[in-house]
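Novice: Predicted model follows, preceded by the sequence.
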Amino acid sequence: MTTQSAAIPAFKPAGTSPALTASVLVTLIATVTIAGAWFFQLVLEILPCPLCLEQRYAYYLVIPLGALTAIAARSSAPRPLLLAGLTILVLATLANAGLGAYHSGVEWGFWKGPTDCSGPVVNLGNAGDLFSRLDTVKVVRCDEVQWRFLGLSLAGYNVLISLLMAAIAAWGFVRTAKR
């Protein structure tokens, strides 16, 4: 007669790799963030300015790259490949945090923004077309905050979220490099 403990091997959960954990977390955070941006735009009708749209590019890179890095980590891909994916995630999110900080500075009036979204409107077309264009064109300026919560604009929250994602990806990189 065998004891139950001898008949059932000890349960050992498979160790989750830091690269998998970091890439999944970054992908989830980026997906929720871009979905929130679309919600603000499409449901609440808070239209993005040109700098807001540029800040979305990093999310459009991070989401598929994070998913691919997670798949690679789950498939036990070579460490250099995982480190490369995590490095790009860190760099993309840090660059996006920098762009968000720049945009926040434009909103607070610390420096001037790009002329296409914070400068004077110079080309209104011909006079006959002017009134019809004014009825249809909504100019969204980069230096005017459309929404704030707890003193931060959406650009400010983008800085915080991007720094969080960069920290998670950097943690995954360091832990993966040490393995």
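Specialist: Looks like it came in fine.

Novice: What is the burial count for L42?
Specialist: Per other Cβ atoms under 10 Å, the neighbour tally for L42 reads 10. Just so you know, the C-beta spots here come from the backbone N, C-alpha and C atoms, and that holds for glycine as well.

Novice: And it, how close does it get to G36?
Specialist: Taking Cβ to Cβ, to the nearest Å as the measure, L42 and G36 are separated by 11 Å.

Novice: For the residue minimising distance to the centre of the chain, give me the pLDDT.
Specialist: Centroid check for the chain by Cα atoms, centre = their mean gives Y59 as the closest residue, at 4.0 Å. Looking at Y59, its pLDDT stands at 96.

Novice: Isn't it up against A35?
Specialist: No. With contact defined as Cβ atoms under 8 Å, Y59 does not count as touching A35 (9.7 Å).

Novice: Can you give me the buried ones in stretch 16-29?
Specialist: Residues S17, P18, A19, L20, T21, A22, S23, V24, L25, V26, T27, I29 are the ones in stretch 16-29 that count as buried (16 or more other Cβ atoms under 10 Å).

Novice: same check, this time on stretch 83-90
Specialist: Using 16+ other Cβ under 10 Å as the test for burial, stretch 83-90 gives L83, G85, L86, I88, L89, V90.

Novice: Which residues are in contact with the spatially closest residue to the fourth one that is not a sequence neighbour?
Specialist: In space, I88 comes closest to L65 once its chain neighbours are excluded; the distance is 6.0 Å by Cβ to Cβ, 6 or more residues apart in numbering. Contacts for L65 (Cβ atoms under 8 Å, 6 or more residues apart in numbering) come out as G85, I88, L89, A92.

Novice: Same check on L68?
Specialist: Going by Cβ under 8 Å, 6+ apart, L68 touches G85.

Novice: just L83 next, same as before
Specialist: Counting by Cβ under 8 Å, 6+ apart, L83 touches A19, F173, T176, A177.

Novice: three-state assignment of the third one?
Specialist: Here T176 is recorded as helix under DSSP: H, G, I helix; E, B strand; the rest coil.
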